[in-house]
Structures are given as structure tokens and as C-alpha cells.
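In: Whatever this is, show me its structure:
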Amino acid sequence: MKYRVKHLTTYRYADEFSSCHSQVHLVPRETDRQTVESFDLLVDPAPEVFDRHEDSFGNQVESFSIHVPTDVLKIEAVSVVEIKHEKIRQQVMSRGWEDVREVLASTAPPLEALPLLFKSPHVALSPAAAEYAAPSFVSGRSVQEAGTDLMRRIYADFKFDSKATDVGTSVDEVLQRRRGVCQDFAHLMIACVRSMGLAARYVSGYLLTEPVPGKPRLIGADASHAWCAVWCPDAGWVEYDPTNELSPCDKHITLAWGRDFGDVSPVRGVVLGGGGHKVVVAVDVDRIK
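Out: A predicted model of the protein is given here:
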């Protein structure tokens with residue numbers, strides 16, 4: 001499958017700002033199932049300073065500065081990616097989750113998993129998360145079985161509600177309200193997995209759905225999306241989409257991954273002046289082959 005993704009973010013300010021400094025995670029990752037054929041970042045007004053670097057998780061990060069007075073800022077990322085026509089390789093993670101916890105608790109845990117074992121700014125390891133996770137992590141169950149069961153429970157127990165939460169909503173609040181968006185459900189699953197002593201990471205990207213007659217459209221279609229991945233020695237990182245109760249497939253386009261949303265926020269920055277502002281995000285995913 002080949003896709004063209006357009007991600008347009010428009011900021012409209014009450015007054016002109018004098019300068020801004022922004023950082024974006026909008027370059028899709030190269031993975032064993034995903035190839036990036038092209039990427040363009042279009043910024044209006046045009047930046048005076050521009051830089052690209054790689055962060056500690058291997059994501060491509062683009063930074064720019066604008067020093068032209070304006071009250072409108074537009075950031076458009078246009079990508080063409082090709083994805084293998086198959087589900088992400090779900091190798092059998094036959095090792096029991098308790099054995100994997102011992103590996104990760106050793107004096108020399110795998111470096112790729114180490115920073116994803118602990119709490120992070122948007123993922124607290126609370127007693128409530130551990131209590132919710134416990135029924136999925138029964139003794140002797142494999143990591144894959146536990147992860148799949150946890151994903152199914154989150155899908156069944158929580159309702160998608162775009163007005164129920166915001167970027168500052170905690171995992172415990174999501175647990176209490178039993179509703180949220182894909183970002184919340186990814187954070188919840190990560191908190192549950194980490195609370196059991198395992199490693200989990202947050203994955204940002206896009207999801208395209210084309211429902212067949214009589215079937216519901218998947219939540220998150222043609223929009224920014226988020227899911228998570230769990231680590232196991234047998235298979236590396238295996239991904240789960242708790243918002244839609246499925247293993248990410250050839251309709252999931254990966255942008256970046258990290259500890260939580262804060263590591264891979266699509267657009268963040270600092271503006272001098274401008275007053276209040278409104279932001280509109282539009283995502284268009286087209287299958288071109």
C-alpha cells in the first residue's frame with residue numbers, strides 16, 4: 001500500500017507575533033514494514049532558521065524559527081509512504097510475562113527498553129493502573145496473551161469521547177471517567193504494562209479506514225492516531241491499538257515513538273506576542289497505490 005499524507009496545522013492569533021520557535025515530529029519513520037518515499041515540510045511564513053536532527057529514540061525532528069510579524073502560521077507536512085501489505089509481524093511471544101519482568105529487572109536490562117520501563121510526564125505508575133492491569137497479567141500467561149487481553153478490556157470498558165479529556169488529563173482521570181481518545185487509551189495501556197514491570201512505548205501516526213458495507217468505520221480515520229508497543233525478548237516491540245482493538249496493520253502509518261505523547265508531539269513551540277490563538281488541524285490520508 002502507498003499513501004500520501006497531508007497534515008496541516010493552522011494557528012490564528014489575535015494580534016501579530018514578532019517571532020516564534022517551533023519543533024515538529026512529522027517525518028514518518030523508516031521501519032521494517034514502512035518506507036518513506038518523500039517528505040516535505042511547508043511553513044508559511046518561511047522560516048529564517050531551519051534544522052533537522054535525530055532525537056534519543058531515533059525520530060527525525062525538524063526545528064525552525066520565524067522572525068517576520070504575522071498573525072497566521074501554517075505548517076503543512078506532506079509525506080508519501082509505502083507499507084507492506086501485511087499485519088505488523090506478530091511473532092509469538094511465548095515467554096511468560098513474569099520471566100520478561102525478571103529480564104528487565106536485571107542488572108543489565110536491554111538499553112532499548114530501559115527508558116520505557118518507568119513513569120514519564122504523561123504516564124504515572126499509579127496503584128489504580130496496576131489494579132486495572134492485574135486481571136490481564138495472570139501467572140504463567142505470555143506477554144502476547146496478556147497484552148492482547150489488556151487491549152481488549154480497554155476497548156470494551158472505555159468509550160471514545162473527544163470532549164472528555166485534553167492533553168493534560170491523567171491516566172487516573174481516564175480510569176475514573178472511562179472515556180477519552182486514542183492518546184488516552186495508549187497512555188492507559190502503557191501505564192498498565194509498566195506497572196507490571198514491563199516496557200511499553202507510545203507510537204504516534206495516522207490511521208486510514210475503509211469500512212465494508214455493514215461494518216463501522218474505525219475511530220481515528222483520516223486523523224492523527226496513537227497506539228502502543230510492548231517489548232519482549234522473543235519478538236522485540238509488538239504493537240497494539242486499544243482504541244480499535246486490533247494489531248496495527250497496513251493502514252497504520254507510523255510517525256514517531258517515545259515514552260508518551262510529550263516526546264512526540266506533532267507541533268510544539270514558543271511564540272513572542274500574538275495574544276490568544278486558535279488552532280485547526282486537518283489530516284488527509286489518500287491511498288495512491
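
In: so where is this structure shaky, pLDDT-wise?
Out: 85-93, 209-212, 216-222 (pLDDT under 70).

In: The same query, at a cut-off of 50, please.
Out: Applying pLDDT under 50 to the chain flags residues 87-91.

In: For the most centrally placed residue in it, I want the exact helix or strand it lies within.
Out: Of all residues in the chain, the one closest to the mean position by CA atoms, centre = their mean is Ser204, 2.4 Å from it. Using DSSP states H and E, Ser204 sits in strand 200-207.

In: what inclination does whatever helix or strand comes next after that strand have with respect to strand 200-207?
Out: Using DSSP H and E, the helix or strand that follows strand 200-207 in sequence is strand 223-232. Counting by axes from the mean of the first three to the mean of the last three CA atoms, to 10 degrees, strand 223-232 lies at 150 degrees to strand 200-207.

In: and strand 223-232, how far from the chain's centre?
Out: For strand 223-232, the separation from the chain centroid amounts to 5 Å (computed by CA atoms, centre = their mean, to the nearest Å).

In: quick one: strands adjacent to it?
Out: Under the criterion DSSP bridges, strand 223-232 sits next to strand 200-207 (antiparallel), strand 236-240 (antiparallel) in its sheet.

In: Enumerate the positions of it that are buried.
Out: Using 16 or more other CB atoms under 10 Å as the test for burial, strand 223-232 gives 223-232. Backbone N, C-alpha and C define where each C-beta goes, glycine included.

In: and what of stretch 147-161?
Out: 147-151, 153-155, 158, 160.

In: Give me the subset of those residues lying in strands.
Out: Phe160 (DSSP state E).

In: Out of the buried residues of stretch 147-161, flag the one nearest to Val68.
Out: For the buried residues of stretch 147-161, the minimum distance to Val68 (CB to CB) is 39.9 Å, reached by Phe160.

In: My read is that the closest one contacts Gly180, right?
Out: Yes - the criterion here is CB atoms under 8 Å, and Phe160 meets it with Gly180 at 7.5 Å.
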